[in-house]
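Student: Turn this into a model:
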Amino acid sequence: MRTSVVFCFILHGLLLDAASSGAAEQTIAPPPAGIRAFHPGETLTYNVSWSSVFSAGTVTMTVEMEKLPDEREVLRFVVRGRSHGLVEKVFPVSDTVQSVFDPLLMKSLSYSLRESYGKKKRLRVTEFDHANKTAVCRLNEDAPVTLTIPDPVQDGLSLLYFLRTKEDLETGRRMDIDVVDGGKNWTMEVTVLDREKVATAAGEFDTIKIRTNPAHKGDSGKKREVFLWLTDDDRKIPVLMKSTLKVGSFVFKLIDMKPGTRKSMQ
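Tutor: The predicted structure follows:
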């Protein structure tokens, strides 16, 4: 398994690594009404390690606000990952994922993944047309692939933020969420497992433990489970994330957080 899988776990939306195998200062502004969990300006920083044994890199997740040409206010989720230490010397990795999300529709509008691992580079872009229920997926200079998509649907990154807006995460609840990632339609099986206390460098938290498991029609291969620990409050901050491997796991632990700012809507 190549080293860049360290970041594929989170940069493919924490979910679909098996499918892909292979900041400027901003003005803090209020999000459109309806979202309580996160606001523009939020920045979460994680240490990435293998089974908590050795550190492999750092990941930051930020929430930004911008306006589309039609003056709609949307949110942009940006995740940046970079290797360090021995991994950086042996096999440098630098990835950036961006998702443009309409908080009124609660749907992704576009998604991009820019990967650099070793001497290889890759760009994957998905643009959603919800009115026509299609998504156009592009990989580097390959011919675009057009998918028929369900409604509603998320991308791999917006799914994490969408989960954070859920206020009904009772233990034992199971839900299926449709996701487009890697040029395919997926169904993400989400199960709320338990309540647990989690300690990280950022503090000790009461959390909701969640398991996610991607499923693709016609694909019988076993996909990697991902476990998320979200704070058991309105913000549902992911303080711990773990991707299971054949040997050990990749672990993302929160080391620093900066909340966004919410001002009164005018």
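Student: When you work out contacts or count neighbours from here on, use the C-alpha atoms and nothing else.
Tutor: Will do.
Student: Low-confidence bits of the stretch 101-250 of the chain, can you list those?
Tutor: Filtered on pLDDT under 70, the stretch 101-250 of the chain yields the residue ranges 117-118, 216-223, 245-248.
Student: quick one, strands of it?
Tutor: Using DSSP state E, counting those that start in this stretch, the strands of the stretch 101-250 of the chain run over residues 107-117, 120-129, 134-139, 145-148, 154-155, 174-181, 184-200, 203-215, 226-231, 238-244, 249-258.
Student: which residues are in contact with the shortest one?
Tutor: Read it as strand 154-155. With contacts defined as CA atoms under 8 Å, 6 or more residues apart in numbering, strand 154-155 is touched by 13, 99, 107-108, 110-111, 177-181.
Student: For the residues you listed, could you give me a markdown table that also reports distance to residue 77 and neighbour count?
Tutor: What follows is the contacts of strand 154-155, written out as a markdown table (distance: CA to CA, whole Å; neighbours: other CA atoms under 10 Å):
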| residue | distance to residue 77 | neighbour count |
| --- | --- | --- |
| 13 | 11 | 23 |
| 99 | 5 | 27 |
| 107 | 13 | 20 |
| 108 | 10 | 30 |
| 110 | 11 | 22 |
| 111 | 9 | 25 |
| 177 | 19 | 16 |
| 178 | 19 | 21 |
| 179 | 16 | 28 |
| 180 | 16 | 25 |
| 181 | 16 | 24 |
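Student: Just the closest of those residues to residue 151, please.
Tutor: residue 178 (8.1 Å; CA to CA).
Student: Could you pull up the residues touching that closest one?
Tutor: Residue 178 makes contact with 150, 152-154, 185-188, according to CA under 8 Å, 6+ apart.
Student: ok so, going back, as TSV, the contacts of strand 154-155 with distance to residue 234 would be great.
Tutor: TSV is the format used below for the contacts of strand 154-155 (distance: CA to CA, whole Å):
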residue	distance to residue 234
13	21
99	22
107	20
108	22
110	26
111	26
177	21
178	24
179	24
180	27
181	28
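Student: Residue 42: which of the residues you listed is nearest?
Tutor: For those, the closest approach to residue 42 (CA to CA) belongs to residue 99, at 14.9 Å.
Student: Highest mean neighbour count out of the strands of the stretch 101-250 of the chain?
Tutor: Among the strands of the stretch 101-250 of the chain, strand 154-155 has the highest mean neighbour count (mean count of other CA atoms under 10 Å), at a mean of 29.
Student: Starting from that one, tell me which strands it pairs with and how they run.
Tutor: Looking at strand 154-155 with DSSP bridges, its partner strands are strand 174-181 (parallel).
Student: Would you mind extracting the C-alpha trace of the strand it pairs with into CSV?
Tutor: Coordinates of each C-alpha in strand 174-181 appear next as CSV, following Å, rounded to 0.1, in the frame of the first residue of the first chain:
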residue,chain,number,x,y,z
ARG,A,174,-28.3,3.5,11.2
MET,A,175,-28.7,5.5,8.0
ASP,A,176,-27.7,5.3,4.4
ILE,A,177,-26.3,8.4,2.6
ASP,A,178,-25.6,8.6,-1.1
VAL,A,179,-22.2,9.8,-2.1
VAL,A,180,-20.3,10.4,-5.4
ASP,A,181,-16.6,9.6,-5.2
